[in-house]
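**Q** build the 3D model from these lines:
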Amino acid sequence: MTAFNPALVEEAFEDDVEGTADFIRSVIGRVRDNCERVRSSARSRDAAAVQSAAHAAKGSAGHLGGADVAQVAGRIELSAKDGTIEPPEVIDELERLIASLEETAEAYISSRAAKRESS
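**A** Numbers count the residues shown, from 1 in each chain. Next up is the predicted model:
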């Protein structure tokens, strides 16, 4: 699985290091927000809201090539579509994968900034 695909953002932002960093952090923020919506909707047993939030998390993660995040979010989405709420452990897994995506993306951002400073 892929936690982050820098080629997706490099193509869009080319040499704009700050724009790239802002975009990546914004997307990760949306993924995190949607994951929290999944969790709160699951607590209230609102399958439609879980489905919507999981779908949004899946789509946002896709902008960064976060296939592992998208896969788990997709699983949550499909279960909710069928009226089933995944157990908290699955949402915990989604949060761990988001944290990994963020860590990998932040390392990439730091690397790009360091390369620019050394140029």
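**Q** from R30, how far out is the residue positioned nearest the centre of the chain?
**A** Nearest to the mean C-alpha position of the chain, counting by C-alpha atoms, centre = their mean, stands A61 at 3.6 Å. Using C-beta to C-beta, to the nearest Å, we find A61 at a distance of 9 Å from R30. C-beta coordinates here come from the backbone N, C-alpha and C atoms, glycine included.
**Q** what helix or strand is the residue nearest to the residue nearest to the centre of the chain when sequence neighbours are not counted on?
**A** Of all residues not flanking A61 in the chain, V69 sits nearest, at 3.8 Å (C-beta to C-beta, 6 or more residues apart in numbering). Assigned by DSSP states H and E, V69 falls within helix 67-81.
**Q** report all helices and strands that the helix or strand following that helix contacts.
**A** Using DSSP H and E, the helix or strand that follows helix 67-81 in sequence is helix 88-118. Applying 3 or more C-beta pairs under 8 Å, 6 or more residues apart in numbering; DSSP states H and E, we find helix 88-118 packed against helix 17-43, helix 47-62, helix 67-81.
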